[in-house]
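Asks: sequence plus the predicted model coming up.
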Amino acid sequence: MARIGTVDSCLLIAYSLLAFCSFITSVSSWNRLSDGALKKLPSPGDTLHPDKGKLLKPLLIPRVVNTEGSRKALRHFTTFFSDLNWSLNYDNFSQPTVISKDPVPFANFWATLDPPWKTQERHQGEIGRLVLVAHYDSKIEPAGFIGATDSAAPCAMIMHIAKAIDGAMRRKWAKMEKDADEFEMADEQGLMVLLLDGEEAFKWWSSEDSIYGARHLAEKWESTMNAAHSTYKNHLSSINLFVLLDLLGAPMPRVPSYFKVTHWAYQHLADLEIRLRGLGLLESGKDHALFLPDRDKTVFPEGLSIEDDHIPFLKKGVDILHLIASPFPSVWHTMNDDGAHLDKQVVNDWAVIVSAFVAEWYGLEPYLTANGDGMSTISKRLNKTEL
Ligand SMILES: [Zn+2]
């Protein structure tokens with residue numbers, strides 16, 4: 001990811017108005033997890049360890065667009081999400097780039113977990129989704145660049161989150177099929193994991209040389225209409241919140257709240273960090289500086305934004321929660337952005353904090369199991385007493 005830029009101020013005014021509406025609809029249906037439920041959240045354990053983690057280690061290779069490393073990363077996602085029995089999709093496209101007049105092939109990947117009674121194509125317009133997003137490509141220079149925080153670790157964190165909530169989501173839907181009267185339409189939401197290609201510039205970051213995958217997909221989803229009389233008119237409008245993880249995994253992260261329109265979501269996430277930290281459930285410890293320090297922020301400077309994969313979606317009106325460290329990690333775009341420079345505790349904690357957010361989003365408290373669905377729980381990992 002790349003640089004600080006500006007967003008048109010008219011857009012910001014529009015987003016501010018939307019913020020009010022989002023806030024009203026969001027707080028009324030939020031499902032806060034109890035302390036007992038937080039303790040049951042599955043731990044990543046060693047799966048995000050740079051040397052032995054089965055989710056992260058395969059991604060700690062150069063993943064330049066249209067190379068074997070990129071294809072290996074894609075196969076890793078394909079195997080993982082097909083083992084989870086999610087629906088898989090690929091957006092393959094080719095276009096010239098600043099270093100090639102011949103079209104270069106790109107591949108975006110997404111996997112969805114939707115209510116089982118809504119998986120058929122004709123129901124697609126009826127399902128809104130929380131979307132967890134990261135880019136999986138790595139920068140072409142310097143040669144051999146890994147991009148551990150940029151964004152191998154965020155991709156692996158999202159894989160953990162998907163696995164951590166998969167069982168609870170399915171148990172909730174089984175209960176919905178049995179006792180439909182106890183649920184509301186909002187409970188029919190699906191979850192999407194979106195892993196984008198071509199985020200990095202081949203030469204210098206510009207609007208033409210960057211976020212190739214995101215630009216292509218935002219256009220495609222905006223023009224892919226759902227059936228007439230659908231709840232959501234096109235694929236883009238079925239994104240309830242676009243949560244973009246980037247430049248995460250380095251020590252001492254600080255992620256500000258960037259958008260007033262989604263500050264309500266940031267506040268839920270920041271609340272969860274404070275509660276998890278207070279309960280001693282984060283590996284970085286009770287006294288660590290907050291990763292998410294802006295819970296009580298009230299003033300949002302106009303025009304300040306970081307250019308990243310969310311921009312094409314933001315410009316089309318999608319609500320964005322941008323989880324990107326600012327300042328950027330000190331290893332950013334250097335050969336030191338590798339596994340050895342990741343902070344293992346911080347990596348695990350990000351995965352847990354965002355898992356908790358997803359569990360609250362879907363109201364999963366009754367469906368979490370005491371054994372962390374076989375992954376062990378964060379309280380066991382930290383030798384706390386189970387409730
Ligand atoms: Zn980058």
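Replies: Done, it's in.

Asks: which strand runs longest in the chain?
Replies: strand 100-113 (DSSP state E).

Asks: show me the helices in the protein, by range?
Replies: Using DSSP state H, the helices of the chain run over residues 9-27, 35-39, 68-83, 153-178, 212-223, 263-278, 311-315, 344-361, 378-381.

Asks: nearest approach to D102 belongs to which of those helices?
Replies: Proximity to D102 (CB to CB) singles out helix 212-223 among these, at 14.6 Å. C-beta here means a position set from N, CA and C on the backbone, and glycine is covered the same way.

Asks: how far does the closest one sit from its chain's centre?
Replies: 17 Å (CA atoms, centre = their mean, to the nearest Å).

Asks: for it, which positions count as buried?
Replies: 212-218, 221-222 (16 or more other CB atoms under 10 Å).

Asks: farthest-apart pair in those residues, please.
Replies: Using CB to CB, the two most remote members of the buried residues of helix 212-223 are Y212 and E222, lying 16.5 Å apart.

Asks: stretch 243-250 near the ion at all?
Replies: No. Legend: contact between stretch 243-250 and the ion by CB under 5 Å from the ion is lacking; minimum distance shown is 7.4 Å.

Asks: hmm, who's touching that stretch?
Replies: Contacts to stretch 243-250, defined as CB atoms under 8 Å, 6 or more residues apart in numbering, come from residues 1, 130-135, 148-151, 153-154, 157-158, 255, 265, 308-310, 320-325, 328-332, 341-343, 346-347, 350, 354, 357.

Asks: find the nearest non-adjacent residue to the closest residue to the ion within the stretch 251-387 of the chain, please.
Replies: Using CB to the ion, the single residue of the stretch 251-387 of the chain nearest to the ion is H333, 5.8 Å away. Excluding its sequence neighbours, the residue lying closest to H333 (CB to CB, 6 or more residues apart in numbering) is K139, at 6.3 Å.

Asks: tell me where the stretch 201-350 of the chain is predicted with low confidence.
Replies: Counting by pLDDT under 70, the stretch 201-350 of the chain has low-confidence residues at 303-304.

Asks: the strands in it, which residues?
Replies: With DSSP state E, counting those that start in this stretch, the ranges of strands along the stretch 201-350 of the chain come out as 239-246, 304-306, 320-324.

Asks: and the residue of the chain positioned farthest from its centre, how far from the ion?
Replies: For the chain, the residue at maximal distance from the C-alpha centroid (CA atoms, centre = their mean) is K101, at 32.7 Å. For K101, the distance to the ion (CB to the ion, to the nearest Å) stands at 24 Å.

Asks: go on, H160?
Replies: For H160, the distance to the ion - CB to the ion - is 22 Å.

Asks: quick check: the gap between that residue and L323.
Replies: Distance, H160 to L323, by CB to CB, to the nearest Å: 15 Å.
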